[in-house]
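A.B. asks: Let's see this in three dimensions:
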Amino acid sequence: MSSRTFSETSANHLLNALPLPVLLTDKEGKLSFANTAWLSLVRSLGYDQALLTASYAELCASLNILDEQDLARCTQAIAEILQGQRSGFQLDYQFRLMPELWFRMDMQAFEEGLLITHKDITEFKQAERQAELLLESPLDAMLLIDSEGLIQLVNKRLERLFGYSRDELFGQHLDILIPHRFRKQHRQHLQAYFANPKARPMGLTLDLFALAKDGLEHPVEISLNPIQVGNSTLVSAAIRDISQQKRIEAERNRLGRIIEESTNEVYLFDARTLRFIFSNESARRNLGYDEHELAHLTPLDIQLDYDLNRFEDLVTPLRTGKKRALQFSTTYQRKDGSSYPADINLQLFADENPPLFAAIVVDTSERQRSEEALRESRERMAMHLEHTPLAAIEWRIEDGLITAWNPAAERLFGYTAEEVVLQASADIIIPADLRNQLKPLLTGKIGPEGLRSAHRNSAKDGSVLLCEWYNTAITNLYGEIVGVAALGLDITSRQRALESLLSAQEEERARISRDLHDQVGQSLTGLGLGLTNAMASDTEPNLQQFKQQTDEILADVRRISRDLRPALLDELGLEPALNRLVRDLRERSSLQLETLIRLPEVMPKDQQTVIYRVVQEALTNISRHARANHASVTLITQNNQIQLVIEDDGQGFELDNVVSSEHVGLAGMRERIELAGGKLLIESSPGKGTTISARFMCRS
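C.D. replies: Presented below is the predicted three-dimensional model:
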């Protein structure tokens, strides 16, 4: 017998002695040997050992032990191993005809072909299935790792918690779930655990975190439990996400800080013994006791109004469940003997062990002082309103009813407070023709700065008064306007005096105008005629110059006459007069002048005169002093207010210098506007032009 034949025989004897089914193939994949264990397996399954003459792939197909997918994988693996593209192949498969049986096929290349073993792993698969069932049943996320730290099994809860599928995790090192900063230390702990495995919680004194697929870290609690599988030790880890618990803990800590730092006093005391269990910093500071001193006291020791019997009577509704909370007032006594008033909100937490009373206490000393000061202020205000010469009226915008009416209002309008308060609306003193115009005021459409107005009012006896009003919105706690407060001053006499003054001024100017026209003009005309005649005689040649000067003087006199009292203002009104004024200025200067004039159909003569004089003075100043190229006049009426704006792009001036020098023209403009109940604003600076604006109520 050759040495080769002897070796093969020895090898065959050795393979036949193995309990593991073994097959050998040649380099073409044809079966060349099957050991005794394999033949026994084939016979036990009811197959003829003659099948062993086929290739291994054909054998698998004939025995019907693999499904189509596994058979295809097996066939491809055989070809790749025989071609040297891979060194081996392993497959766990379920026997098709007997699904309860599981085998592990293992192929390895050797010199003559393939070495193929089949291991019965049914018991292992059954144990694995039981482990999977155990993993899926707990409420926690669970995984199973081997001694190398490789993940073998995970349950669905772990998939949901970390965002990985079990296929993504299988065979991965546990590091995949460990934040990077902990991985090195965790590997050391893992080795130490497998050296002495036992059931225990992980990291008792540490805050543990696990890393999810999306990069988020979850605070976790982990319990470890070793499992012996054959000769191997596996470890199951139950992982509980405690994010919610941490949030609750953080919220409790936050609430604890809020309670401790609250400006209100907070107390907890035993519902049975009444001894204090907790007091916050505000309580200790206000009372003057420290925490240890308060622990020996009860609420009865620090308040002056209740003994034990009265206190028990007070809290009986809480003890019986008839009420959830009590609110009452008492007086607290400090350690130094001083006292302070307090409002108390008291609740009973009967389900706590021990049952607790919780008291939130507000020191009302400052509030009582403020309330007293407010009461005194209101009394003084009421006294002022009773004695002020100004009519004080309030009304609510909900229904317009008058809610306040002082004695001055009674004297001014003739109605008593009993007649109008909650009996009449505020428009009782508004003439019918003004009610629609003043509707925004009556309905509270007033800005935060208030509203100043002047208009006619009706008295009880039918007389008409002219009053100036200062109107302020009344708001509720939410800042909503709920009413209007108005202070009124009768300016009828003042207005009549002003109108008389303005009328007298205008009459005087008209008279002067007539005198200039009829007397000075005629005299100068005669002079001109005389000079004309003299020119016809043997007179010196310079008489022609006198003639020219006379013509200029005459033109100036006529212009002055027109400026003093333009006939258009009396005959056609303000707008034509202003247009004429602007046209004349354009003709005698290079100033580019723009106008925008929109006036109401009816405007009192005195207001027209004031506006005309202000525009006249402003344009005269611009033409003489401003060195402007452009100017504009805007005169409009909006929300029953006249708005006048005159602007130029001239050289401007220092306002302080003009004010200190008491400039006659500007002072005159301001006086006219203020006498008409308005305000004048002048804005200017060197090199930036000048803006003059005026605003006042338009009277009907």
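A.B. asks: tell me the SS of the residue lying closest to R452 once chain neighbours are set aside?
C.D. replies: Of all residues not flanking R452 in the chain, Y470 sits nearest, at 5.8 Å (Cβ to Cβ, 6 or more residues apart in numbering). Heads up, the C-betas are built off the backbone N, CA and C, glycines and all. Of the three states, Y470 takes strand according to DSSP: H, G, I helix; E, B strand; the rest coil.
A.B. asks: count of neighbours near Y470?
C.D. replies: 14 (other Cβ atoms under 10 Å).
A.B. asks: ok, now how distant is it from A454?
C.D. replies: Between Y470 and A454 the computed distance is 10 Å (Cβ to Cβ, to the nearest Å).
A.B. asks: got the domain boundaries for this protein?
C.D. replies: 3-120, 136-241, 247-363, 370-490, 491-565, 573-700 (automatic domain parsing).
A.B. asks: Using TSV, lay out the ones you listed together with mean pLDDT.
C.D. replies: Below are those laid out as TSV (pLDDT from 0 to 100):
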stretch	mean pLDDT
domain 3-120	79
domain 136-241	88
domain 247-363	91
domain 370-490	89
domain 491-565	66
domain 573-700	84
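A.B. asks: Can you read off the backbone torsions of the residue most central in space within the chain?
C.D. replies: Residue closest to the average C-alpha location in the chain (Cα atoms, centre = their mean): Y478, at 18.0 Å. Torsion angles at Y478 (phi, psi; degrees, to the nearest 10) stand at phi -100, psi 10.
A.B. asks: In contact with it: list those residues for me.
C.D. replies: The contact partners of Y478, taken as Cβ atoms under 8 Å, 6 or more residues apart in numbering, number zero.
A.B. asks: do the same with R334
C.D. replies: By Cβ under 8 Å, 6+ apart, the contact set of R334 is 286-288, 340.
A.B. asks: State the distance from M381 to S40.
C.D. replies: 115 Å.
A.B. asks: if you count what's nearby, which of the two comes out ahead?
C.D. replies: More crowded of M381 and S40, by other Cβ under 10 Å: S40, with 14 against 11.
A.B. asks: element containing that one?
C.D. replies: helix 36-44 (DSSP states H and E).
A.B. asks: if we can go back for a sec, from E394, how far off is the residue nearest to the centre of the chain?
C.D. replies: The spacing between Y478 and E394, counted by Cβ to Cβ, is 19 Å.
A.B. asks: Would you map the helices across the stretch 451-600 of the chain?
C.D. replies: Assigned by DSSP state H, counting those that start in this stretch, the helices in the stretch 451-600 of the chain fall at 492-515, 521-536, 543-564, 567-571, 574-588.
A.B. asks: for the shortest one, the distance to its chain's centre please.
C.D. replies: Here the centre of helix 567-571 is set off from its chain's centre by 60 Å, with Cα atoms, centre = their mean, to the nearest Å.
A.B. asks: Can you spell out which helices and strands pack onto it?
C.D. replies: On a contact count with 3 or more Cβ pairs under 8 Å, 6 or more residues apart in numbering; DSSP states H and E, helix 567-571 meets helix 574-588, helix 605-621.
A.B. asks: please redo it, this time with the cut-off set to 7 Å
C.D. replies: The helices and strands touching helix 567-571, judged by 3 or more Cβ pairs under 7 Å, 6 or more residues apart in numbering; DSSP states H and E, are helix 574-588.
A.B. asks: Could you tell me the angle between the helix it packs on and helix 605-621?
C.D. replies: Per axes from the mean of the first three to the mean of the last three Cα atoms, to 10 degrees, the angle that helix 574-588 makes with helix 605-621 is 10 degrees.
A.B. asks: List of residues touching helix 574-588?
C.D. replies: Residues from elsewhere that reach helix 574-588, judged by Cβ atoms under 7 Å, 6 or more residues apart in numbering: 566, 568-569, 591, 593, 595, 597, 599, 603, 608, 611-612, 615-616, 619, 623, 633.
A.B. asks: Now do the buried residues in that helix.
C.D. replies: 574-575, 577-578, 580-582, 585 (16 or more other Cβ atoms under 10 Å).
A.B. asks: what's the answer for stretch 424-433, then?
C.D. replies: 424, 426-430.
A.B. asks: likewise stretch 195-202?
C.D. replies: Judged by neighbour count using 16+ other Cβ under 10 Å, the buried positions of stretch 195-202 are 197, 202.
A.B. asks: how long is it end to end?
C.D. replies: Terminal residues of stretch 195-202 lie 15 Å apart, using Cα to Cα, to the nearest Å.
A.B. asks: ok, now stretch 459-470?
C.D. replies: Counting by Cα to Cα, you get 19 Å between the two ends of stretch 459-470.
A.B. asks: who's in contact with it?
C.D. replies: 413-415, 431, 450, 452-454, 456-458, 486-492, 495, 677.
A.B. asks: one more time with 6 Å, if that's ok
C.D. replies: Outside stretch 459-470, the residues within contact range by Cβ atoms under 6 Å, 6 or more residues apart in numbering are 413-415, 452-454, 456-457, 486-492, 495.
A.B. asks: Could you do stretch 625-634 as well?
C.D. replies: Outside stretch 625-634, the residues within contact range by Cβ under 6 Å, 6+ apart are 591-596, 622, 645-651.
A.B. asks: Take those residues and keep only those in strands.
C.D. replies: Using DSSP state E, the members of the contacts of stretch 625-634 that fall in strands are 592-596, 645-648.
A.B. asks: Most neighbours among these, please name it.
C.D. replies: Counting by other Cβ under 10 Å, top hit in the ones in strands among the contacts of stretch 625-634: D648 with 25 neighbours.
A.B. asks: For beta bridges, what are the partners of that one?
C.D. replies: Beta bridges link D648 to A631, T690 when assigned by DSSP bridges.
A.B. asks: Repeat that for W102.
C.D. replies: The partner residues for W102, given DSSP bridges, come to Q94.
A.B. asks: wait, doesn't it sit right on E123?
C.D. replies: No. Checked against Cβ atoms under 6 Å, the pair W102 and E123 is beyond contact range at 8.7 Å.
A.B. asks: Could I get the buried residues of stretch 424-433 in a markdown table, plus columns for secondary structure?
C.D. replies: Output for the buried residues of stretch 424-433, formatted as a markdown table (three-state DSSP):
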| residue | secondary structure |
| --- | --- |
| A424 | coil |
| A426 | helix |
| D427 | helix |
| I428 | helix |
| I429 | helix |
| I430 | coil |
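A.B. asks: Among the contacts of stretch 625-634, pick out the one closest to S236, please.
C.D. replies: V645 (86.7 Å; Cβ to Cβ).
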